[in-house]
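Student: From the sequence below, what's the structure:
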Amino acid sequence: MDINRVWKNTQEELKIVLAPAVYQTFVDKTQLINLENNLATIACPNSYFVDLNHKRYYDLFKSALDNQTKTDNTLNFVVQETQTNNLSDNPNNAPLFNFAPKKSVSESSLHPKYTFETLVVGNSNNFAFAAAQGIVKNPGLSYNPFFIWGGVGVGKTHLMQAIGHELLNNNPDLKIKYFPAETFTNELIGALKSKNMNQFKSKYRNLDCILVDDIQFIAGKEYIQEEFFHTFNALHMAGKQVILTSDRKPSDIDKLEDRLVSRFMGGLTVDIQLPDYEMRMAIINQKIEERGIKITTEAAEFLANNISSNIREIEGKLQEVLVQSLAQKIDEIDINFIQNQLNPESATSLLIKANTKIPPRHIISICAKHFNIKTSDLCGQSRKKELVTARHITAYLLLTEIGLPLEEVGHFLGGRDHTSIMHARDKVTHDFSTNPQLRQVINQIKSAF
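Tutor: Model prediction:
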């Protein structure tokens, strides 16, 4: 039996049933290293992966592997460097990610770390990520302009710059420029004062791709909008790629001229939401892996459960904890260390949340109330469309908000098996990335917790 082929097929099956952030972080980095007498030994890069995969994803791993081998297997997760991270394949001990900027990258003003390799993909940005892949394949043709909007710290800039990096990887001769809208404004004002407008226009209108951050900054500035309009038109008419970010969609930007709103919405407009639990876990894991820090599963879950705002705050809070652990020479971060080291106000807030975990029946009750149905019907056997939709969303929230195991969710929702709950989760996960109405419903329900 070719165990490499078996494991590749197993991973492909898991890729279908797991959220992208979970697969990318916890499955893609595993490897089947032995399969004898129905005992499968699965290598993970560190003890944190071993613990979490055994506790949270054992049944999914087992089901997928059993399907491939047509036998009933027992799984044993062990710590061992996988091939993708094995230094024997990297004899010079070169870093896995080389952040030394190339000349083309430095000229483009792209941040060396904002690449697809370091981007965590989850439910909140999955649709935007898929669109970005289309742009990389056909710049200037697919989704032009590409308008990314969302709140502070959700990863808009990272995604936009990752596109720039990938375009340069494919063609180093491309002229790409990243700049905040404020930079465009300041340089335009400087060009007017120094009477160098021709030079200014040449700088921006002869590019192959522009990546403009915080475009809402030009709203209300009449002459700035006028010049950007002509710059946009010159590039767009020449088939050059334009990518923009904002904290709101074009039609919601006050004092933005209608002709610019029309241009910005003429391509593809996508929004990036706040990260869900699985994506927060993936971000936390990525950061601790980058720094080689050990953290218990309970500590990571504590942070993921209780820091539910934007990516920037998650990274900032984790950085604070990591710095404190290094200063105190802590070998492994546990939940007590996190609670003790966070500032008193934050620690108190997190402890209150941790000690008041939402009961499953409370979530079920809120969902039933939102959809104006009886709890008994929500947990019953009826297959009416409105009940099935409500049931799927309830299952999704029980899994993602309080981390209830599949079997327990099935128990609470009328004794359904784990495959039915997996189907419900995956359907809502898929629709969440493409259906704004569904996101609004889920956010409304969550606000009532």
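Student: what about whichever strand or helix holds residue 320, distance to the chain center?
Tutor: Assignment of secondary structure by DSSP states H and E places residue 320 within helix 311-327. Average the C-alpha atoms of helix 311-327, do the same for its chain, and the two points are 19 Å apart (CA atoms, centre = their mean, to the nearest Å).
Student: Pull out the CA atoms of that helix and give them to me as CSV.
Tutor: Output in CSV follows, covering the C-alpha atoms of helix 311-327 (Å, rounded to 0.1, in the frame of the first residue of the first chain):
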residue,chain,number,x,y,z
ILE,A,311,-6.8,40.2,13.7
ARG,A,312,-4.6,43.1,14.8
GLU,A,313,-5.8,42.9,18.4
ILE,A,314,-5.4,39.1,18.4
GLU,A,315,-1.8,39.4,17.3
GLY,A,316,-1.1,42.3,19.7
LYS,A,317,-2.5,40.5,22.7
LEU,A,318,-0.6,37.3,21.7
GLN,A,319,2.6,39.3,21.2
GLU,A,320,2.2,40.8,24.7
VAL,A,321,1.9,37.3,26.2
LEU,A,322,4.9,36.0,24.2
VAL,A,323,7.1,38.8,25.3
GLN,A,324,6.2,38.3,28.9
SER,A,325,6.9,34.5,28.6
LEU,A,326,10.3,35.1,27.1
ALA,A,327,11.2,37.7,29.8
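Student: Quick one: list the elements packing against that helix.
Tutor: Helices and strands in packing contact with helix 311-327 are listed as helix 277-291, helix 297-306, strand 332-333, helix 335-341; criterion 3 or more CB pairs under 8 Å, 6 or more residues apart in numbering; DSSP states H and E. Bear in mind the C-beta positions are built from the backbone N, C-alpha and C, glycine included.
Student: now the angle from it to helix 297-306?
Tutor: Relative orientation of helix 311-327 with respect to helix 297-306: 150 degrees, computed using axes from the mean of the first three to the mean of the last three CA atoms, to 10 degrees.
Student: Pull out the buried residues from helix 311-327.
Tutor: Along helix 311-327, these residues count as buried under the neighbour rule (16 or more other CB atoms under 10 Å): 311, 314, 315, 317, 318, 321, 322, 324, 325.
Student: Spatially nearest residue to the fifth one, not counting backbone neighbours?
Tutor: Think residue 318. Ranked by CB to CB, 6 or more residues apart in numbering and with sequence neighbours excluded, the top spatial neighbour of residue 318 is residue 287, at 5.3 Å.
Student: my guess is the one you found meets residue 317, correct?
Tutor: No: contact status for residue 287 versus residue 317: not in contact, 10.4 Å apart, counting by CB atoms under 8 Å.
Student: Could you tell me which residues make contact with residue 361?
Tutor: residue 412 (CB atoms under 8 Å, 6 or more residues apart in numbering).
Student: Can you report phi and psi for it?
Tutor: The phi and psi torsions at residue 361 (degrees, to the nearest 10) take the values phi -70, psi -30.
Student: pLDDT at it, what is it?
Tutor: For residue 361, the model assigns a pLDDT of 90.
Student: Was I right to think residue 365 contacts residue 376?
Tutor: No: applying CB under 8 Å as the test, residue 365 and residue 376 come out as separate, 11.4 Å apart.
Student: Compare those two (neighbour count), which wins?
Tutor: Neighbour count, other CB atoms under 10 Å: between residue 365 and residue 376, residue 365 has more, with 15 against 9.
Student: Show the low-confidence segments of the stretch 301-449 of the chain, by residue range.
Tutor: Low-confidence regions of the stretch 301-449 of the chain, defined here as pLDDT under 70, cover residues 308-309, 341-357, 433-434.
Student: and if we set it to 80?
Tutor: When residues are selected by pLDDT under 80, those of the stretch 301-449 of the chain lie in 303-310, 312-323, 326-327, 331, 338-358, 403, 430, 432-436, 447, 449.
Student: so what's residue 148 up against?
Tutor: For residue 148, the set of contacting residues under the criterion of CB under 8 Å, 6+ apart consists of 128, 156, 159, 160, 243, 244, 245, 246, 270, 271, 272.
Student: count of neighbours near the fourth one?
Tutor: Translated: residue 160. Around residue 160 there are 22 residues (other CB under 10 Å).
Student: Cool, thanks, talk later.
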